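Colleague: Need coordinates for the below:
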Amino acid sequence: MKAQYFEGKPVGDEASRVCLLFDPKDGRVVHAHGVTVLQSVGGISDAELEERARAHAQHFGKKVADLQALHVPIDAIRNVGKLQVNSSGDGLMPSPQGARSRTSCATA
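Modeller: Sure thing, here's the model as predicted:
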């Protein structure tokens, strides 16, 4: 993922967050949705980010009823290859080799 710029200046990683929707049975990430807030006023809550993630996943034809959410900073998913959520549902780990990725990703 390349650095983001706003008005000619790089946007810090702290401005971006990601909500991962995953299957709690195996940790497979089904959908990732990120948001970057460029103004210090406002922003969105984790609940709103998750709501957006679920809506976008449904738009892509994913069933979201049984999925759980994990909120991570953008640097948690940057340049690390395929990931899955760990068995306790609170962190990420590399996916096993050969695991097929079917994750859709959208940003808002």
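
Colleague: mind showing which ranges of the chain have poor pLDDT?
Modeller: For the chain, applying pLDDT under 70 flags the ranges 1-2, 40-41, 79, 97-108.

Colleague: mind redoing it with 80?
Modeller: 1-3, 39-42, 79-81, 97-108 (pLDDT under 80).

Colleague: Helices along that one, start to end?
Modeller: 46-59 (DSSP state H).

Colleague: What segments of it are strands?
Modeller: 5-6, 9-10, 16-22, 29-36, 68-73, 83-85, 92-94, 104-107 (DSSP state E).

Colleague: can you redo those as CSV with distance to F60?
Modeller: Where C-beta positions appear, they are placed from N, C-alpha and C, glycine not excepted. Formatted as CSV, those follow (distance: least, Cβ to Cβ, whole Å):
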stretch, distance to F60
strand 5-6, 27
strand 9-10, 30
strand 16-22, 11
strand 29-36, 7
strand 68-73, 16
strand 83-85, 18
strand 92-94, 21
strand 104-107, 4
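
Colleague: What about Q68, how many residues nearby?
Modeller: Q68 has 15 neighbouring residues, counting by other Cβ atoms under 10 Å.

Colleague: show me the contacts for it.
Modeller: 21-22, 24, 85, 89 (Cβ atoms under 8 Å, 6 or more residues apart in numbering).

Colleague: Pull the most distant pair out of those.
Modeller: Taking Cβ to Cβ, the two most distant members of the contacts of Q68 are L21 and G89; they sit 11.8 Å apart.
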